[in-house]
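K.L.:
Predicted model, plus sequence, below.
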Amino acid sequence: MKLTDFSYELPKELIAQHPAEPRDHARLMLYDKETGAVEHKYFYDLLDELHAGDVLVFNDSKVIPARLYGHRQQTGGKVEVLLLTPVGEDRWEVLVKPGKKALPGTIIEFPEGLTAEVLDRTDFGGRVVQFHYEGVFDDIIDTIGEMPLPPYIHEKMEDPNEYQTVYAREKGSAAAPTAGLHFTEELLEKIKAKGVELVFVTLHVGLGTFRPVEEENIEDHAMHSEFYSITEEAAATVNKAKAEGRRVIAVGTTSIRTLESAGTTGVLQSGSGWTNIFIYPGFTFHIVDALVTNFHLPESTLLMLISAMSTREKILHAYEIAVQEKYRFFSFGDAMFIH
C-alpha cells in the first residue's frame, strides 16, 4: 500500500483549535465497520450505543508539561526541548530545536537550575540527554514546562487541563490520548450505571505521534517504541469479556495499540513493556471489537490503523462525509464510534 492511498483533502478551518464545551457536546459519527454506513449524533449519545456487559478500555496516561525552553551554555543560543521518553536514570529521549547544533557534549541550561547534557543522537532525529538538577524533577518540570500542543493548534490554551483527560493518572505522555478528551465525569458515571465495565491501561504517547510517515510503501515505515502497562485486574476483566462474547471497546488508538500488543494470542497478558506495533489494513484484531476515536491527519499511522478496522475505501468515504458535514478534526475535534 502506498502512502498517498491515505490522503484526503481537509479545509484548514475544520482543524479544531479548542475542545467542545462541555466536552461531551462534540459531534459523534457512528460508523458501521462492515457496511460503512454513518449516522450523525453528539458524543453524549454514545451512552445509547453501549450495552450492559461492554468493556470500555481507556488509556490513563497523563500529559506532562514536556516543552522546555532554555539556552546553550556555550553560546547562549535559544533552545526548545520536548521530552519524549524516559530511558534511564534522569535520561530522556527528546526532540531539540534547533537540532543541528545540539551535538553530543552540548550543555543546555533551563530555569530552576536544571541542565541537560546531550549524550547521543537517536535513529529518529532526536537526542538522548542527561538531566542534572537539585530537588524533585517532576516539580521542576511542572514549574518551567509548557503543555506540548500539536503543531496544528495555533491558538493559546488558557487552561492546561483542556489537554488532559478527566481520568488521567500516570504521568509520562508527550501528547494526550485525545479520544478520551470527550468524556466527562458525569458521562462516565452514566456509562457505569448502565452496566458497562471501565478498564484502564497505560501507554505513554511518545515520538510516534509527532513523526510523519516518510516511506512511500507504508510497510517500510518503522514505528517508534512506546511504553505500556496493563494490570492483572485489567487483563482479567478483558479476558472474561472475550471469553463470554462481550464487546471490548477501545477508547483511542493508543488503547488499541496497547491491547493488541499484549494480546497477540487472543488472550490479554498483564505486565509492562515497549511496543512498536504498526497496525494497517490487513491486520487481524485479536482483542478489540470497536473503537472510539477522533478524526486523524492525512497519511498518518492513525488513519491507517482505523482503516484496518474496516476498509481504506469506506473510511475515506466517511471522512469525505465528515468534511461535507463540517465535522471538527484532530486533537480537539469531533469523534467517531467505529462498531
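P.N.:
That came in fine, so what should we check first?
K.L.:
so after the host helix or strand of Asp142, what's the next helix or strand?
P.N.:
Assignment of secondary structure by DSSP states H and E places Asp142 within helix 137-144. Scanning forward in sequence from helix 137-144 by DSSP H and E, the next helix or strand is strand 170-173.
K.L.:
Can you list the buried residues in the helix holding Asp142?
P.N.:
140-141, 144 (16 or more other C-beta atoms under 10 Å). Placement of C-beta: from N, CA and C, glycine included.
K.L.:
Only alpha carbons, please: show that helix as PDB.
P.N.:
As requested, the backbone C-alpha atoms of helix 137-144 are provided in PDB (Å, rounded to 0.1, in the frame of the first residue of the first chain):
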ATOM      1  CA  PHE A 137      12.500  16.500  38.700                       C
ATOM      2  CA  ASP A 138       8.700  16.400  38.300                       C
ATOM      3  CA  ASP A 139       8.200  19.500  40.400                       C
ATOM      4  CA  ILE A 140      10.800  21.400  38.300                       C
ATOM      5  CA  ILE A 141       9.100  20.400  35.100                       C
ATOM      6  CA  ASP A 142       5.700  21.400  36.400                       C
ATOM      7  CA  THR A 143       7.200  24.800  37.200                       C
ATOM      8  CA  ILE A 144       9.000  25.500  34.000                       C
END
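K.L.:
Show the secondary-structure elements that it is packed against.
P.N.:
If you count contacts as 3 or more C-beta pairs under 8 Å, 6 or more residues apart in numbering; DSSP states H and E, helix 137-144 packs onto strand 67-72.
K.L.:
can I get the CA coordinates of the strand it packs on in CSV?
P.N.:
Extracted as CSV, the C-alpha positions of strand 67-72 are listed here (Å, rounded to 0.1, in the frame of the first residue of the first chain):
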residue,chain,number,x,y,z
ARG,A,67,8.1,21.5,26.3
LEU,A,68,11.0,23.3,27.9
TYR,A,69,12.8,26.5,26.9
GLY,A,70,16.5,27.0,27.6
HIS,A,71,19.8,28.1,26.0
ARG,A,72,23.0,26.5,25.0
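K.L.:
For the helix or strand that it is followed by, which strands pair with it and how are they oriented?
P.N.:
Moving toward the C-terminus from strand 67-72, the first helix or strand encountered (DSSP H and E) is strand 78-88. Within its sheet, strand 78-88 is paired with strand 67-72 (antiparallel), strand 91-97 (antiparallel), according to DSSP bridges.
K.L.:
how's this protein carved up into domains?
P.N.:
The record assigns the chain these domain ranges, following automatic domain parsing: 3-63+159-338, 67-144.
K.L.:
among those domains, which is nearest Pro150?
P.N.:
For these, proximity to Pro150 was assessed by C-beta to C-beta; domain 3-63+159-338 is nearest, at 5.5 Å.
K.L.:
Need the distance between the two termini of the closest one.
P.N.:
Looking at domain 3-63+159-338, the gap from its leading to its trailing residue is 23 Å under the measure C-alpha to C-alpha, to the nearest Å.
K.L.:
For it, the averaged confidence score.
P.N.:
Average pLDDT, domain 3-63+159-338: 95.
K.L.:
burial of the closest residue to Ala26 other than its chain neighbours, as a residue count?
P.N.:
Closest residue to Ala26 in three dimensions, ignoring its sequence neighbours and counting by C-beta to C-beta, 6 or more residues apart in numbering: Ala20, at 3.9 Å. If you count neighbours by other C-beta atoms under 10 Å, Ala20 ends up with 19.
K.L.:
picking up where we left off before, just the domains of the chain: most buried one?
P.N.:
Taking mean count of other C-beta atoms under 10 Å as the contact definition, the stretch among these with the greatest mean neighbour count is domain 3-63+159-338, which reaches a mean of 19.
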